[in-house]
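[1] fold the stuff below for me.
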Amino acid sequence: MPIYFYSDHEAPYGAFSNFSKHGFTLDGKYWKTSEHYFQAQKFVGTPHEEEVRNAPAPKDAADWGRQRSRPLRTDWEEVKDDVMRRALHAKFTQHPTLPDLLLGTGDEEIVENAPGDYYWGCGKDGSGRNRLGALLMELRTALRREAEEKTTKTTDDD
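    Just a heads-up that it's a prediction; the model follows:
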């Protein structure tokens, strides 16, 4: 049975939302949320990056990042999945409870139930690409592999 998430306030999977208040350090800077990081990377190396990084709330970061009056980096479409992948890895590895939450989903499909987003979410009719859910499942597999390797190494060291 798929695991759906959307709002950062929905238990137990609200932490999967990019709006969840799980800050992290990446690229030598502190980011309040993964939404702040993702949106700011659209303007990396410009003053807009810092403006978005310092946005008061994730919704502000999202709104500012979507403003096309700001100069979007030319390679954005090619790098956006990797940017999100890096943000999720930092977020989930810098908060001790998050790996367990993600691993606790077993092998279930994880779906961002975002009715207006057909790229990162499933869209209103379920036909969206669900890239955020896919990246979370990819991270879950990587965390599981790391945990198994740690267990194997510990066993081998005995």
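[2] just the strands in this protein please.
    In order along the chain, the chain carries the following strands (DSSP state E): 3-5, 24-26, 29-31, 110-112.
[3] can you tell me which of those strands is most buried?
    Taking mean count of other Cβ atoms under 10 Å as the contact definition, the stretch among the strands of the chain with the greatest mean neighbour count is strand 110-112, which reaches a mean of 23. Just so you know, the C-beta spots here come from the backbone N, C-alpha and C atoms, and that holds for glycine as well.
[4] what is it packed up against?
    For strand 110-112, the packing partners by 3 or more Cβ pairs under 8 Å, 6 or more residues apart in numbering; DSSP states H and E come out as strand 3-5, helix 131-157.
[5] how about residue 17, what does it touch?
    Shown here is residue 17, whose contacts under the criterion Cβ atoms under 8 Å, 6 or more residues apart in numbering are 5, 6, 7, 8, 10, 112.
[6] look up how far residue 21 lies from the fourth one.
    Here the distance between residue 8 and residue 21 works out to 7 Å (Cβ to Cβ, to the nearest Å).
[7] give me the beta-bridge partners of residue 112?
    residue 5 (DSSP bridges).
[8] thought residue 81 was touching residue 41, still the case?
    No - contact criterion Cβ atoms under 8 Å: residue 41 and residue 81 do not qualify, at 11.5 Å.
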